[in-house]
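S.K.: Following is a predicted model, sequence given first.
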Amino acid sequence: MQPPRCSLRPVSRYLVYTSAGDHSNLRHWLNGKRNFDLWVTYYGDDGEKFRGVADFYN
């Protein structure tokens, strides 16, 4: 079962943090099965660009 996006609690034992801008290749390195929660800090012009792939987002 897929965890809800932008959840308030961790689901996995592991957390990966990244900051990502408009030209980030974030979606490319997310291919395959994830065994970690993802926290994305986005900077750029499209305010919610990576919200759909992040478990934690700001």
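M.R.: Looks like it came in fine. Numbering: from 1, shown residues only.

S.K.: so how many other residues sit close to the closest residue to Phe36 other than its chain neighbours?
M.R.: Leaving aside its sequence neighbours, Phe36 sits nearest to Tyr14 (C-beta to C-beta, 6 or more residues apart in numbering; 3.8 Å). Quick note: C-beta positions are derived from backbone N, CA and C, even for glycine. Per other C-beta atoms under 10 Å, the neighbour tally for Tyr14 reads 11.

S.K.: before we move on, what about the one 5 residues further on?
M.R.: When counting by other C-beta under 10 Å, one arrives at 12 neighbours for Ser19.

S.K.: How about the one 4 residues further on?
M.R.: When neighbours are defined as other C-beta under 10 Å, His23 has 6 of them.

S.K.: any idea how far the residue nearest to Phe36 is from Asp37?
M.R.: From Tyr14 over to Asp37 the distance is 7 Å, taken as C-beta to C-beta, to the nearest Å.
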